[in-house]
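Asks: Okay, structure incoming, though there's no sequence with it:
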């Protein structure tokens, strides 16, 4: 049972990383737009998925998977934001 859970978490993490990377790459030329699009792609609509699962009386495993997606995506998105804050844009660094 643990192996299936670990594989599911790994698949969730991979989906969040790939979707965040796609959002970052397609975010345009400005730093803020890249970050915003990466966040929106990485976070997705876990709350909406949980609502749909609850309204359709989905099995508890489905709700647990959606909650796991929400938690894993939150950790990855927070790590991305912290990383983006640490990197100083070259335009700001060149002015100093």
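Replies: Thanks, I have it. Quick caveat: nothing in here was measured; it's all calculated off a predicted structure. Numbering: from 1, shown residues only.
Asks: Please pull out the lowest mean pLDDT helix or strand from the protein.
Replies: The helix or strand of the chain with the lowest confidence, counting by mean pLDDT, DSSP states H and E, is helix 90-95 at a mean of 52.
Asks: if I pick the nearest residue to residue 70 once chain neighbours are set aside, what's in contact with it?
Replies: Nearest residue to residue 70, sequence neighbours excluded (Cβ to Cβ, 6 or more residues apart in numbering): residue 46, at 4.0 Å. The C-beta positions use only the backbone N, C-alpha and C, and glycine is treated the same way. Taking Cβ atoms under 8 Å, 6 or more residues apart in numbering as the contact definition, residue 46 lies against 66-67, 69-70, 73.
Asks: just checking, what packs against the one helix or strand residue 83 maps to?
Replies: With secondary structure defined by DSSP states H and E, residue 83 is part of helix 60-86. Counting contacts by 3 or more Cβ pairs under 8 Å, 6 or more residues apart in numbering; DSSP states H and E, helix 60-86 packs against helix 2-25, helix 31-43, helix 46-55.
Asks: Now it: buried residues?
Replies: 62, 65-66, 69-70, 72-73, 76-77, 80, 84 (16 or more other Cβ atoms under 10 Å).
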